[in-house]
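In: My questions are about this predicted structure, shown below with the sequence.
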Amino acid sequence: MTGASGSAPSGADEPAAPRRRRLGRWRDQALALGWLVVVWSLLWGEVNWANLAGGLLVGGAVLLFFPLPAVTFAGRLRPRALLVFAVRFGTELVGASLHVARIAVQPGYRPRGAIIAVRLRVPTDLNLALTAEAVSLVPGTLILEVDRDSGTLYLHVLDTHGPAELTSARERTLAVERRIVRAVGSAAELRRVETDPVEKGTLP
């Protein structure tokens with residue numbers, strides 16, 4: 001009698017595990033679709049109903065016809081940190097756009113570019129993708145390659161004049177990663193970026 005009652009909970013838990021996995025897959029797909037819609041709207045430079053509908057169609061087609069390896073979201077959403085990320089991203093976007101515009105109209109000025117490697121502290125697929133997208137959307141920087149095995153981003157940086165500016169570009173990329181992890185990362189990932197001394201001296 002005791003054995004029968006003791007085995008009931010394990011049997012009851014068995015159908016719950018596949019259900020949780022299905023819910024997890026749906027959640028990951030929804031997050032991926034939402035991010036694709038955001039990127040689509042940013043690429044068009046305007047948020048309206050047409051761009052949102054187009055982003056949903058394009059994002060849905062990408063997820064349906066070009067399925068990517070499963071990316072598990074193990075973190076949690078932090079609204080305040082997400083707002084900080086959005087504000088800082090908007091500020092950097094405006095500043096970089098003005099800088100590139102000045103270069104474009106300045107007579108006789110030839111900007112020097114450089115390629116740098118930035119190794120992220122959280123080398124998960126999700127963090128690599130989010131950081132690469134956020135960095136690429138800011139004018140003046142372009143992701144050339146992503147080394148998934150080592151968690152390294154290779155960037156082309158516009159208008160550099162010495163080692164100090166290359167170091168500054170690396171620190172800006174690591175600062176973007178830190179803000180993303182603060183917004184959607186797990187507790188372990190957050191501890192990793194907060195205690196890493198590489199980013200010492202950069203603003204949050």
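Out: Great, that's in hand. Numbering: from 1, shown residues only.

In: Can you give me the neighbour number for residue 104?
Out: The number of residues packed near residue 104 is 9, by other CB atoms under 10 Å. Every C-beta, even on glycine, is put in place using the N, C-alpha and C of the backbone.

In: wait, I meant residue 180
Out: With other CB under 10 Å as criterion, residue 180 counts 25.

In: Go through this structure and flag its longest helix.
Out: Among the segments of the chain that qualify as a helix by DSSP state H, the longest is helix 16-44.

In: so how far is that one from its chain's centroid?
Out: The chain centre lies 14 Å from the centre of helix 16-44; the measure is CA atoms, centre = their mean, to the nearest Å.

In: What of stretch 175-188?
Out: Counting by CA atoms, centre = their mean, stretch 175-188 is centred 9 Å from the centre of its parent chain.

In: Can you show me the helices along the chain?
Out: With DSSP H, the ranges of helices along the chain come out as 2-13, 16-44, 49-65, 79-105, 125-136, 163-184, 187-195.

In: in the fourth one, what counts as buried?
Out: Buried residues in helix 79-105, counting neighbours by 16 or more other CB atoms under 10 Å, are found at 81, 85, 89, 92, 96.

In: Go through those and name the one nearest residue 106.
Out: residue 96 (15.6 Å; CB to CB).

In: Now do the contacts for that closest one.
Out: 138-141 (CB atoms under 8 Å, 6 or more residues apart in numbering).

In: measure it to residue 123 for me?
Out: 26 Å (CB to CB, to the nearest Å).

In: likewise residue 133?
Out: Counting by CB to CB, the gap from residue 133 to residue 123 is 16 Å.
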